[in-house]
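Peer 1: Based on what follows, work out the 3D shape:
(one chain, ligands or ions: 1)
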Amino acid sequence: MEASSEKDMSQIQSAYAALCNNPVWRQMFEQNPAMQMLIEPVSRIVIDANPPACRFYGYKREEMQSLSLDQIELDESPEDDSPTESTLFIFRHRTRRGEQRDVKINASTYEIDGVSLTHLILVDITKRRRAEAAEQDQRAVTSALANTAAALNSSLNLHDVLDRILEQVQHIIDCDYVNIMLMENDYVTVVRSRGYEKVTDVDEYVSVKLNVNATPTLRWMVENDRMLFIPEISTDSRWSKLHTTEDWLTSYLGVPIRMGNQVIGFLNLDFATRAKFLGYDESALQAFADQAGVAIRNARLFERVRRQALLLEQRVADRTAELDYERRQLRAILDSMTDGVFYSDVDPEGRLQPRYINRAMARLLGVEPAEDLSRLVALLDALNVEDLEGPALQWSIHQALEQQSFASLQGLLNRDDGVGFEATMTTTRVDSSTGELLGAVTVVRDVSQEKALERQRSRFVAQASHELRTPLANMKTRLYLLRRQPDRLESHLPVLEKATGHMWRLVESLLDISRLERHAVQLELSDISVQETVSFVTEEHQPVIEERKQTLRVEMPGEPLRLIADADRVTQVLNNLIANASAYTPEGGSITVHVEGCAAVDSAGNVLPGIRFDVIDTGTGIPEDQREAIFQPFYRIVNNNDGSGLGLSITREIVRLHGGSIRVDAAPGGGSCFTFWLPLKAAAPEADDSGSDTLR
Ligand code: ADP
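Peer 2: Sure thing, here's the model as predicted:
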């Protein structure tokens, strides 16, 4: 208080007395319910206070009259948000009871007899100010919550959202450090944190795993299902230190994070200095913790959905790869087939929608694989089947659909270039796994070869039976005669022996050819001398040839020729050809056997060394159009009873078995020239290869 002199005081008192004599002043000061004071502006001593002011401050009037404003005014004045007016002030005052009140003061100064007195009208604005402050805080909380909600909506990344929550928490509560712990099987770990890097090694600090039941603060929150505020950790028994040094920590505030009725984690706020905590913070913080709960739930749901999506994606990719593999496998199978495949969808009206043909089908029909499929329908429809009128393919498909199984046709099918072949057409209906009709698969097979073989087989049987019939008939006649003329045994016996011999040779030849054709003959390979083998055979034939007054010439090179071959079979071939040459050459004719080393080119273009044998005669010769046929079993140009017509067939099979080839040409000056070629080392022939193609 500024010291005022006694003289001043008395001057002031008299000036105040003069004022009090004014009835208007008295009325205003004593009767008005507004709090009023009169002070000396320099010393700030209260000269008088009206009853409402005395009640407000809790002093008697005479007590007030000795007070200085300095005694009731607090140092920290609230911020003044009123419009700047020189006469308006806001102060924070303390009442006698120790309450702090914000007061708005309107001051006006009177000059009385040279003395200045200041009249104060006071308004208690504490409630309004508090309400305003609370509203401001609420507004901050609301906008922080709105921010976190926006973060929740904008990101499903849990860490992003938790970071935002921590940021917003720090925005509304002035804490130094904040973290979020998540619980799993009674244990918690810190998943996100802010601020700790300033005071400690964050990684180490947050790596701690805590048992909730063994950590009193956390257990308290779970049991009470509410937040926990510890203003002074050093004096609170619920606080247990995580680390030896936590000197940077004074207050703690924890909020349980809930999902439904379950606590799933904690929002932890740490304060370096002793924190003040106001009641309204609790609901705001719980709102943040609940936001965190929602974020965690959303993130977990999202994670589950994401994983499920990934799993599905993987499954789809696997299934696609599987289907692709199966499709490629199926295509490879279809393309490697020798039978033609045609697939057509069938719509509910029964119309065909051609979808696919395999390579074999394109080959069989003589078209490009990418050909317009509807054109191929016309080609397949033209299958010429006995007793069937109308389009064959369509008949076959409709038949298969109606019969719920398959339908088969056989007939002559024309390729695109008009060349026909014998074919079978089999159509099978295709149903989905649920039994719905999808389409039909038609398989076309070229059966020309099978048919030819079948014909050949039945001709063979007929011819063999026929060949056997002649000697058998002969024998039957002779046996009949013998029974009637037992005394003429001698004349019948040679005929019987001849017929038996003929039959024996015939059966032997039949067995031989059958074994050769079935590849049931194993060649006995050895290193043989060509010259010796040829000489041996020709010497054998010499007597018969001489008997027929024919000449035999043998032409062989001076240097020895050798072969790896079956000696008996090569002998058999030479025997056969020389015997034929002699048999089909008239008396006086000549037979030449010519041998020389010669290379051949196989179907793959390889040059193979070998030996060529020519057996040339001056006989009847073989018409050009029969030069292929004479190698067929039983084929004979002239039907002589001695021959069986099997010799050349057997010969050709033996040569093929050695990997060689045989052919016949006209010999110069008439007659025939049989040429066969053998490789230096016998090689097993390929399944349907007729030996080397070209002779040089
Ligand atoms: P065959 O036992 O009838 O001689 P082959 O299979 O050896 O049977 O001969 C078939 C047919 O080929 C003979 O019947 C004959 O008509 C004809 N042929 C074979 N070799 C000659 C040849 N050197 N000159 C003329 N025709 C021949």
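Peer 1: Could you check the pLDDT of the spatially closest residue to L678 that is not a sequence neighbour?
Peer 2: Computed as Cβ to Cβ, 6 or more residues apart in numbering, the closest residue to L678 that is not its neighbour in sequence is G660, at 4.1 Å. All C-beta atoms are positioned from the backbone trio N, CA, C, and that covers glycine. Per-residue pLDDT puts G660 at 94.
Peer 1: how many neighbours does G660 have?
Peer 2: A count of nearby residues for G660, using other Cβ atoms under 10 Å, gives 28.
Peer 1: Surely it and L680 touch.
Peer 2: No - counting by Cβ atoms under 8 Å, G660 stays clear of L680, with 10.5 Å between them.
Peer 1: Find residues that contact each of these two.
Peer 2: G610 (Cβ atoms under 8 Å, 6 or more residues apart in numbering).
Peer 1: For the ligand, what's the nearest residue on the protein?
Peer 2: G643 (2.4 Å; Cβ to the nearest ligand atom).
Peer 1: Which secondary structure state is assigned to that residue?
Peer 2: Following DSSP: H, G, I helix; E, B strand; the rest coil, the label given to G643 is coil.
Peer 1: Name all residues that make contact with it.
Peer 2: Contact analysis of G643 by Cβ under 8 Å, 6+ apart lists 583, 636.
Peer 1: Please tell me how far it sits from S514.
Peer 2: Counting by Cβ to Cβ, to the nearest Å, the gap from G643 to S514 is 19 Å.
Peer 1: ditto for V441
Peer 2: Counting by Cβ to Cβ - V441 and S514 are separated by 38 Å.
Peer 1: Those two: which has the busier surroundings?
Peer 2: When V441 and S514 are compared for neighbours, V441 comes out ahead with 19 against 15, by other Cβ under 10 Å.
Peer 1: partners of the more buried one in the sheet?
Peer 2: With DSSP bridges applied, V441 shows beta-bridge pairing to Y343, T428.
Peer 1: now V664
Peer 2: Taking DSSP bridges as the rule, V664 bridges to F674.
Peer 1: And the pLDDT for it?
Peer 2: 97.
Peer 1: who's in contact with it?
Peer 2: 622, 627, 630, 672-675.
Peer 1: before we move on, what about R97?
Peer 2: When contacts are counted by Cβ under 8 Å, 6+ apart, R97 touches G58.
Peer 1: Got phi/psi on it?
Peer 2: Dihedral angles of R97 (phi, psi; degrees, to the nearest 10) stand at phi -80, psi 0.
Peer 1: Quick check, H502 in contact with A473.
Peer 2: No - in terms of Cβ under 8 Å, H502 does not count as a neighbour of A473; the distance is 11.7 Å.
Peer 1: higher neighbour count, those two?
Peer 2: When H502 and A473 are compared for neighbours, H502 comes out ahead with 20 against 11, by other Cβ under 10 Å.
Peer 1: Next one: R331 from R359, what distance?
Peer 2: Taking Cβ to Cβ, one finds R331 at 10 Å from R359.
Peer 1: okay, the two: which has more neighbours?
Peer 2: R359 (16 against 13).
Peer 1: Now do the same for the closest residue to that one other than its chain neighbours: its pLDDT.
Peer 2: Closest residue in space to R359, ignoring its immediate chain neighbours: D335 at 4.8 Å, by Cβ to Cβ, 6+ apart. Predicted confidence (pLDDT) for D335: 87.
Peer 1: Low-confidence stretches in the stretch 101-250 of the chain?
Peer 2: Residue ranges of the stretch 101-250 of the chain with pLDDT under 70: 148, 151-156, 242-245.
Peer 1: For stretch 19-36, output the C-alpha coordinates as PDB.
Peer 2: Extracted C-alpha coordinates of stretch 19-36, given in PDB (Å, rounded to 0.1, in the frame of the first residue of the first chain):
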ATOM      1  CA  LEU A  19     -19.900  12.900  -1.700                       C
ATOM      2  CA  CYS A  20     -22.100  11.000   0.700                       C
ATOM      3  CA  ASN A  21     -24.100  14.100   1.300                       C
ATOM      4  CA  ASN A  22     -25.200  13.900  -2.300                       C
ATOM      5  CA  PRO A  23     -28.500  11.900  -2.100                       C
ATOM      6  CA  VAL A  24     -28.100  10.700  -5.700                       C
ATOM      7  CA  TRP A  25     -24.800   9.100  -4.800                       C
ATOM      8  CA  ARG A  26     -26.100   7.600  -1.700                       C
ATOM      9  CA  GLN A  27     -29.000   6.200  -3.400                       C
ATOM     10  CA  MET A  28     -26.800   4.700  -6.200                       C
ATOM     11  CA  PHE A  29     -24.100   3.400  -3.800                       C
ATOM     12  CA  GLU A  30     -26.300   2.000  -1.000                       C
ATOM     13  CA  GLN A  31     -29.400   0.800  -2.800                       C
ATOM     14  CA  ASN A  32     -28.100  -0.500  -6.100                       C
ATOM     15  CA  PRO A  33     -27.700  -4.300  -6.200                       C
ATOM     16  CA  ALA A  34     -24.500  -3.900  -8.300                       C
ATOM     17  CA  MET A  35     -21.300  -4.300  -6.300                       C
ATOM     18  CA  GLN A  36     -19.500  -1.000  -6.000                       C
END
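Peer 1: List the contacts of the nearest residue to C175 once chain neighbours are set aside.
Peer 2: In this structure, C175 finds its nearest non-sequential neighbour in L269, 4.0 Å apart by Cβ to Cβ, 6+ apart. Shown in contact with L269 (Cβ under 8 Å, 6+ apart): 169, 173, 175, 177-178, 252-255, 285.
Peer 1: Which elements pack onto the lengthiest helix in the chain?
Peer 2: Ranked by residue count, the top helix of the chain under DSSP state H comes out as helix 280-336. Applying 3 or more Cβ pairs under 8 Å, 6 or more residues apart in numbering; DSSP states H and E, one finds that helix 280-336 contacts helix 126-154, helix 158-172, strand 251-259, strand 262-271, helix 359-365.
Peer 1: what angle do the first one and helix 280-336 make?
Peer 2: Right, helix 126-154. 10 degrees (axes from the mean of the first three to the mean of the last three Cα atoms, to 10 degrees).
Peer 1: Over to the second one?
Peer 2: Between helix 158-172 and helix 280-336, the angle formed by their directions is 170 degrees, by the same axes, to 10 degrees.
Peer 1: Look up which residues are beta-bridged to I105.
Peer 2: F89, L122.
Peer 1: So what's the residue count around it?
Peer 2: 18.
Peer 1: In contact with it, which residues are there?
Peer 2: With the criterion set at Cβ under 8 Å, 6+ apart, I105 makes contact with 88-91, 120-123.
Peer 1: mind running it again at 6 Å?
Peer 2: When contacts are counted by Cβ atoms under 6 Å, 6 or more residues apart in numbering, I105 touches 89, 120, 122.
Peer 1: What ranges in the chain fall below the confidence cut-off?
Peer 2: Using pLDDT under 70, the flagged stretches of the chain are 1-7, 76-87, 148, 151-156, 242-245, 277-281, 640-642, 684-696.
Peer 1: Contact residues of it facing the ligand?
Peer 2: Contact residues, the chain versus the ligand (Cβ under 6 Å from any ligand atom): 580-581, 584, 617, 619-620, 622, 630, 635-638, 643-648, 672.
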